[in-house]
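Asks: need a structure here:
(chains A and B)
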Amino acid sequence: MQDRRPLAFWLLALVFALFLLFLYGPTLTILVLSFQGPEGGLTFPLQGLSLHWYRRLWEGVGVVDIWAAFGRSVRLGLVVTVLTTVISLAAGYAFRRRFPGQGLLFHLTVASLIVPSIVVSLGIALEFRLLDDAVKAWGEANEIAWVAESYTTAMGLFTSGLGAHLTWTIPFGLLIMFAVFNRFPGEVEEAARDLGASPWQVFRHVVLPLVAPSLVGVALFGFTLSWDEIARSSQAIGDLNTLPLELQGLTTTVTTPEIYALGTLTTGVSVLVIGLAFGAILLWRRLRRG
Amino acid sequence: MSSSLPDTALGALPAVPAAPARRRRASLAPLWQAAPLTLVLLLFFVFPLLATAVVSLWDYTEYSLVPAATPRNYVEMFEGCGNLADGLCTTFRTYISTLRLCGMVWAATLVLGFTASYFLCFHVRTQPVRMALFLLCTAPFLTSNVIRMISWIPLLGREGVVNSALLSLGIVEAPQDWLLFSEFSVVLAFVHLYTLFVVVPVFNSMMRIDRRLLEAARDAGASGWQTLWHVVVPLSKPGIVIGSIFVIVLVMGDFVTVGVMGGQQIASVGKVIQVQMSYLQFPAAAAQAMVLLALVLLIITVMTKLVDIRREL
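Replies: Below you'll find the model as predicted:
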């Protein structure tokens, strides 16, 4: 390779730099504007710097209980994270050997990723509606009191909402596990087996430590994708909205920098989670080396 | 898949006495390991799609579903579509509007994503810098789409940064309204959100290209453009196809971006479904969803004829 950079390099570097500016510029803009002074509006100029809008946010946004939505999103995100990681790991491990229905399961997983989210969301909503109708009919037929009195719907954050999120997070998790296991040194497993390790011991003491850093990546995808999910949740979440759904509603009603404060806070959570994940991977590597 | 490896490993152990029992148990293990995935997909993907297909053939009243087979929803959807003399029917207009968005976003993300990946793969010289820049490109995927949308408001609004700049430079005399809550802002937001869906698979494909091929092309007298067009592009095709599928599917089914960035003015298939759901017209929404699904599957089938996704991982 020649040492001097060709002209093409500088042109492409410029395009790439502009691309990064395009990616990050707007987010940084609302970060700055969220510190707008109390007199300031949705755009520049800044009327002084203050935490005014964060204080307003802390006190709640009008009629919407934003902090309850925040809590729901965190709880749902954590459950999705754990389930995504465990299910992806187990399925990824299964796919290393042949089993009946393997091809079908693979194609279903990919399909779950690429079928439009609105279709999946609508389908889950319909499924639960049919289920509700069936339960009510069954309750009436058998004269079961609690169904008539208190049953409304099976839809909810941790039933239909959780399922909707999993159809979106697990395919990503599984694809990551495929990439990991495709590069996995099979010899070490074989060696463990030759030394008399049981299948569980091979998994626990050989496979798991080797893939653990990748699991952090799967968990990262699980949480952040759930934390920001809108399209699949929209029809399937039930009565109580998650934070991004509330945020989407607020885009049309809130006309103060409060929404930038909320946006910055939400992005902050994502950035924190990404940072924690990278920290965990680095720490893991250092511990194993030391 | 590396599934042949454990098989041969087991096959190589015929002398071990416990082998037959162990092998029988091992052959069942993948089934229960994959069972949770199977269960989730059945409950929240397969059954919902079946429910949608069935309900799309049901009748409905203002407040309830009527489980009696009728083609009503599909008929109403395409009402007046046969008569082109009166102009296009609503359904066709919606689909054309959606496909138009799709085409524009696809072209923009492809060019931008390909250029960014090309720079990363062939012009960045050291691996750590390459990976750092790659992560910088992909990290926004893990942050909220709605927030990334609303962050355009201070830039594109009537009193936004772009308009002030244009005014003070004397390029325009009055603030421009087409910048925000328009087709332009919808496409811009889509490109902003989805270019990384092209960057990741194209980058992945490009990193597998043997650098010696580029040298060979140069030695054989190919110009830079010829090398790009006849060597790099064909070898990046799998990544290009996968990225395209993502972008097309995401745009085809979208209602959030079109809603927020289009100021509720732009038509899209996803928005129609969402509106019908909010009016509790479930069977109509289901029929609309089935047609959208069929169209998307058709597009994907055509594109996957060109590539084997599994080999790319």
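Asks: when you work out contacts or count neighbours from here on, use the C-alpha atoms and nothing else.
Replies: OK.
Asks: any idea which helix or strand carries residue 180?
Replies: All of this refers to chain A. helix A:162-182 (DSSP states H and E).
Asks: by mean pLDDT, point me to the weakest helix or strand of chain B.
Replies: The helix or strand of chain B with the poorest confidence is helix B:4-11; it has a mean of 36 (mean pLDDT, DSSP states H and E).
Asks: ok, back up a step: other SSEs contacting the helix or strand just after the helix holding residue A:180?
Replies: Counting by DSSP H and E, the element after helix A:162-182 in chain order, helix or strand, is helix A:186-194. Here helix A:186-194 touches helix A:199-202, helix B:4-11, going by 3 or more CA pairs under 8 Å, 6 or more residues apart in numbering or on different chains; DSSP states H and E.
Asks: check the gap between residue B:63 and residue A:140 for me.
Replies: Using CA to CA, to the nearest Å, residue B:63 is found at 19 Å from residue A:140.
Asks: out of these two, which sits in the more crowded spot?
Replies: Neighbour comparison, residue B:63 and residue A:140: the larger count goes to residue A:140, with 13 against 9 (by other CA atoms under 10 Å in any protein chain shown).
Asks: surely that one touches residue A:146?
Replies: No - with contacts counted by CA atoms under 8 Å, residue A:140 stays clear of residue A:146, the gap being 10.3 Å.
Asks: all strands of the stretch 1-150 of chain B, in order?
Replies: B:59-60, B:65-66 (DSSP state E, counting those that start in this stretch).
Asks: do you know which of the ones you listed lies nearest residue B:266?
Replies: Proximity to residue B:266, assessed across those by CA to CA, is greatest for strand B:59-60 (27.8 Å).
Asks: list the contacts of that closest one.
Replies: B:65-70, B:72-73, B:281-283 (CA atoms under 8 Å, 6 or more residues apart in numbering or on different chains).
Asks: if we use 6 Å, what do you get?
Replies: residue B:66 (CA atoms under 6 Å, 6 or more residues apart in numbering or on different chains).
Asks: try stretch A:115-125
Replies: Outside stretch A:115-125, the residues that touch it by CA under 6 Å, 6+ apart are A:231-232, A:235-236, B:48-49, B:52, B:253, B:289.
Asks: what residues does chain B put near chain A?
Replies: By the rule CA under 6 Å from any CA of the partner chain, the part of chain B lying against chain A is B:2-3, B:30, B:33-34, B:37, B:44, B:48-49, B:51-52, B:116, B:142-144, B:147, B:151-152, B:154, B:160, B:253, B:289, B:313.
Asks: and those, which of them are in helices?
Replies: Residues of the residues of chain B next to chain A located in helices (DSSP state H): B:30, B:33-34, B:37, B:48-49, B:51-52, B:116, B:147, B:154, B:289.
Asks: JSON lines for the residues you listed, including distance to residue A:60 and pLDDT?
Replies: JSON lines is the format used below for those (distance: CA to CA, whole Å; pLDDT from 0 to 100):
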{"residue": "B:30", "distance to residue A:60": "49", "pLDDT": "89"}
{"residue": "B:33", "distance to residue A:60": "45", "pLDDT": "92"}
{"residue": "B:34", "distance to residue A:60": "44", "pLDDT": "94"}
{"residue": "B:37", "distance to residue A:60": "39", "pLDDT": "96"}
{"residue": "B:48", "distance to residue A:60": "36", "pLDDT": "95"}
{"residue": "B:49", "distance to residue A:60": "38", "pLDDT": "95"}
{"residue": "B:51", "distance to residue A:60": "39", "pLDDT": "94"}
{"residue": "B:52", "distance to residue A:60": "38", "pLDDT": "94"}
{"residue": "B:116", "distance to residue A:60": "41", "pLDDT": "94"}
{"residue": "B:147", "distance to residue A:60": "18", "pLDDT": "87"}
{"residue": "B:154", "distance to residue A:60": "23", "pLDDT": "85"}
{"residue": "B:289", "distance to residue A:60": "37", "pLDDT": "94"}
